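> Requesting a structural model of the entry that follows:
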Amino acid sequence: MAEAKILATIERTDTEQLQISISEYKGKSYLNMRIFYTTDEGATWLPTKKGVTFTPDQIDILTEAIEAAKQEFMSEEMEG
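Numbers count the residues shown, from 1 in each chain. Alright, predicted model coming up:
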């Protein structure tokens, strides 16, 4: 299996982060969003079972959902 290409990391706590990456499995590429944890103060990050994987043809749906969320948050900020 090829090494995952990390696109973004979102810190959740001192010992937990969400890693957004592209990885390959059985010759196909996937977008992975997975919670990783550390027990050695960030020297090593290990994957948990908590996460979700998207196929390339699902990326557009995810993008649309994120855009819709951004619009929703922006309109809330305007109202507030």
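> drop to CA atoms for contacts and neighbour counts, all remaining ones
OK.
> can you give me the helices in the protein?
59-79 (DSSP state H).
> pull the helix or strand with minimum mean pLDDT from the protein.
Scoring the helices and strands of the chain by mean pLDDT, DSSP states H and E places helix 59-79 at the bottom, with a mean of 92.
> Near the closest residue to residue 36 other than its chain neighbours, how many other residues are there?
Nearest residue to residue 36, sequence neighbours excluded (Cα to Cα, 6 or more residues apart in numbering): residue 47, at 4.3 Å. Around residue 47 there are 15 other residues, counting by other Cα atoms under 10 Å.
> what about residue 47, distance to residue 15?
Counting by Cα to Cα, to the nearest Å, the separation of residue 47 from residue 15 is 12 Å.
> Spell out which residues are contacts of both of those two.
Residues touching both residue 47 and residue 15 (Cα atoms under 8 Å, 6 or more residues apart in numbering) are residue 37.
> Show the low-confidence segments of this protein, by residue range.
Along the chain, segments meeting pLDDT under 70 span 1-2, 80.
> ranges for the strands of it?
5-13, 16-25, 28-37, 46-54 (DSSP state E).
> Out of these, which gets nearest to residue 72?
Comparison of the strands of the chain against residue 72 by Cα to Cα identifies strand 5-13 as nearest, at 21.1 Å.
> residues making contact with stretch 59-79?
residue 31.
> again, only using 6 Å
Contact with stretch 59-79 is made by no outside residue, as judged by Cα atoms under 6 Å, 6 or more residues apart in numbering.
> With only the CA atoms kept, save that stretch in PDB.
Extracted C-alpha coordinates of stretch 59-79, given in PDB (Å, rounded to 0.1, in the frame of the first residue of the first chain):
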ATOM      1  CA  ILE A  59     -16.000  14.100  -3.700                       C
ATOM      2  CA  ASP A  60     -18.400  16.400  -5.600                       C
ATOM      3  CA  ILE A  61     -21.200  15.500  -3.100                       C
ATOM      4  CA  LEU A  62     -18.800  16.200  -0.200                       C
ATOM      5  CA  THR A  63     -17.700  19.500  -1.800                       C
ATOM      6  CA  GLU A  64     -21.300  20.600  -2.300                       C
ATOM      7  CA  ALA A  65     -22.100  19.800   1.300                       C
ATOM      8  CA  ILE A  66     -19.200  21.800   2.600                       C
ATOM      9  CA  GLU A  67     -20.100  24.800   0.300                       C
ATOM     10  CA  ALA A  68     -23.700  24.600   1.700                       C
ATOM     11  CA  ALA A  69     -22.400  24.600   5.200                       C
ATOM     12  CA  LYS A  70     -20.200  27.600   4.500                       C
ATOM     13  CA  GLN A  71     -23.200  29.500   3.100                       C
ATOM     14  CA  GLU A  72     -25.300  28.500   6.100                       C
ATOM     15  CA  PHE A  73     -22.600  29.700   8.600                       C
ATOM     16  CA  MET A  74     -22.100  32.900   6.600                       C
ATOM     17  CA  SER A  75     -25.800  33.700   6.700                       C
ATOM     18  CA  GLU A  76     -25.900  33.000  10.500                       C
ATOM     19  CA  GLU A  77     -23.000  35.500  11.000                       C
ATOM     20  CA  MET A  78     -24.800  38.100   9.000                       C
ATOM     21  CA  GLU A  79     -27.900  37.700  11.100                       C
END
